[in-house]
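Enquirer: Please find the sequence and the predicted model below.
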Amino acid sequence: MPSSRVTQADVARHAGVSRTTVSFVLSGREDIRISVEARQRILGAAEELGYRPNLTAQSLRTRKTFTIGLVSDVVASGNYAGGLIQGALEAALERDHLLYVAETGDVPEVEQRLLRGMIDRQVDGMIHASMSTRGRRPAHHSPEHPTVLLNHLDQSGELACVVPDEEKAGAEALGMLLEAGHREGVHVVGGHHRTEAAPDGVHAGRERMRGIARAAAAAGVRLAGVAECDWSTPEGGYRAVRTLLGGTAAPKALVCCNDRLAFGAYQALAESGLRVPEDVSVISFDDSELASWLRPGLTSVAIPHRELGRAAVSLLLSDDLTPTIHRIPMPVHRRGSIAPPR
């Protein structure tokens, strides 16, 4: 490896041509008359010497740095949604861009500092990412800096957003139970995820419930009930299902709003001597590690983290940043937790 950076002047001397000619060839100019033999000699010399373009110098001319800034709340340090960053890194690399990743810890003052730092480094565009889908506006946004929201919804309607298609996922989850023949005794565990901090529920809860209700109405099916509870721990699912089992009619199928609730539901069913899926079918959301470790394996609708990250980068580097919500399909991972009703 050379001890100092190889310059276009070095390539010109090695190829026996002018530096201007080298500049034209290495920049891909096709409108200048240069012989095929000279072009091949220049490209050969560049490869032999290990020439790499000076991107900093190029950026002064083109006003492009081939860098992207991604600022998230707690995505990078968490062990759940890291696929967002992985997908963004893959898509950026495929397009010869570097991705700067920074995390705010969901602290507004930190977010302001990090955004200023990204702008000072003249990134070509910004991606604002969130662990879970929510509606908010970035701390800083300017038309001069192309911006895409990842797992964010812009309440002002001015920015392009990339989010999972939660409503369609809700409809598909109920649809799988309907396909198996379940038309009675179908309960939803979790509901909107209403808490003291979110009395109207979270975005995922509202969208999933909307999809479930739409699919039920389209099929002429009436849900047996919705058990509203906190999604945070398996305890919510356990308690909700224990209550259902104490009622007059035992559930035949459960739509759990995340895998933690499904884990609690499995425990409650087992304690009551009921088997999954022979006695009760179960489908869930998020497709976490719990889904594959449960026995039988839990059928779960996955959040497409990598696809979301890739889509955000592709959109940012496209020529169309129309303020539209781009909804990414959520795949279903089928396992052994659904069977026809007895």
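Expert: In hand now; what should we look at? Numbers count the residues shown, from 1 in each chain.
Enquirer: Following the chain onward from the longest helix anywhere in the chain, which element is next?
Expert: If you go by DSSP state H, the chain has its longest helix at helix 203-219. Counting by DSSP states H and E, the next helix or strand C-terminal to helix 203-219 is strand 225-228.
Enquirer: who's in contact with the helix or strand just after that following strand?
Expert: Later in the chain than strand 225-228, the nearest helix or strand by DSSP H and E is helix 234-245. Residues from elsewhere that reach helix 234-245 (CB atoms under 8 Å, 6 or more residues apart in numbering): 187, 189-190, 225, 227, 229-230, 250-251, 254, 256, 260-265, 267-269, 271-272, 274. From N, CA and C alone the C-beta is placed, and that goes for glycine too.
Enquirer: Give me the buried subset of the residues you listed.
Expert: Burial by neighbour count, 16 or more other CB atoms under 10 Å: within the contacts of helix 234-245 this picks out 187, 189-190, 225, 227, 229-230, 251, 254, 256, 260-265, 267-269, 274.
Enquirer: who touches the longest helix of the chain?
Expert: Contacts for helix 203-219 (CB under 8 Å, 6+ apart): 132-135, 153, 166-175, 178, 183, 186, 188, 190-194, 200-201, 222-223, 226, 231, 255, 257, 285.
Enquirer: for the helix or strand harbouring S284, packing partners?
Expert: Per DSSP H and E, S284 falls inside strand 281-286. Strand 281-286 makes packing contacts with helix 166-179, strand 253-256, helix 259-271, strand 299-302 when contacts are defined by 3 or more CB pairs under 8 Å, 6 or more residues apart in numbering; DSSP states H and E.
Enquirer: for the longest strand along the chain, which positions count as buried?
Expert: Taking DSSP state E as the criterion, the chain has its longest strand at strand 125-135. Across strand 125-135, burial judged by 16+ other CB under 10 Å covers 125-131, 133-134.
Enquirer: Pull up the pairing partners for it, direction included.
Expert: strand 67-72 (parallel), strand 147-153 (parallel) (DSSP bridges).
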